[in-house]
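>>> no sequence for this one, just the structure:
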């Protein structure tokens, strides 16, 4: 039983590596699947998503700075 578990763990790790390799090569989806995703109403290119994330991060940092300044001015 222990040997079976170890073999399953090894197979799972090999599968994980295979999936990661395909992901980095851009081969997880077929061309048809990619086009279907792009046609979806909620599709957003990665570049646009990254811009939104950066803007949100910047806004949070600015909000923290404002709170710090308010706290210091009250003291």
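Cool, the structure landed. Every value quoted in this text rests on a predicted model; they were computed, and no experiment measured them. Numbering: from 1, shown residues only.

>>> where do the helices sit along this protein?
2-25, 31-39, 46-74 (DSSP state H).

>>> for the last one, what is the distance to the chain centroid?
Mean C-alpha position of helix 46-74 versus that of the full chain (Cα atoms, centre = their mean, to the nearest Å) differs by 20 Å.

>>> what does the first one give?
Distance of helix 2-25 from the chain centroid (Cα atoms, centre = their mean) equals 21 Å.

>>> show me what the mean pLDDT comes to for it.
The pLDDT scores in helix 2-25 average 96.

>>> what's in contact with it?
Outside helix 2-25, the residues within contact range by Cβ atoms under 8 Å, 6 or more residues apart in numbering are residue 28. From N, CA and C alone the C-beta is placed, and that goes for glycine too.

>>> in it, what counts as buried?
Within helix 2-25, no residue is scored as buried using 16 or more other Cβ atoms under 10 Å.

>>> going forward, count from 633.
Yep, numbering from 633; the last one is helix 634-657 now.

>>> the domain parsing of the chain - what is it?
Per automatic domain parsing, the structural domains of the chain span 633-675, 676-707.

>>> from one end of the longest one to the other, what's the distance?
It refers to domain 633-675. From its first residue to its last, domain 633-675 covers 46 Å (Cα to Cα, to the nearest Å).

>>> off-centre distance for it?
How far domain 633-675 lies from its chain's middle: 15 Å, per Cα atoms, centre = their mean.

>>> cool, and the shortest one?
If you compare the mean C-alpha spot of domain 676-707 with that of the full chain, they lie 20 Å apart, counting by Cα atoms, centre = their mean.

>>> may I see the buried residues of that domain?
Judged by neighbour count using 16+ other Cβ under 10 Å, domain 676-707 contains no buried positions.

>>> pLDDT (mean, whole number) over that domain?
For domain 676-707, the per-residue pLDDT values average out at 88.

>>> from residue 671, how far out is residue 664?
For residue 664, the distance to residue 671 equals 11 Å [Cβ to Cβ, to the nearest Å].

>>> and for residue 699?
Going from residue 699 to residue 671 by Cβ to Cβ gives 43 Å.

>>> same thing with residue 649?
The gap separating residue 649 from residue 671 is 31 Å, by Cβ to Cβ.
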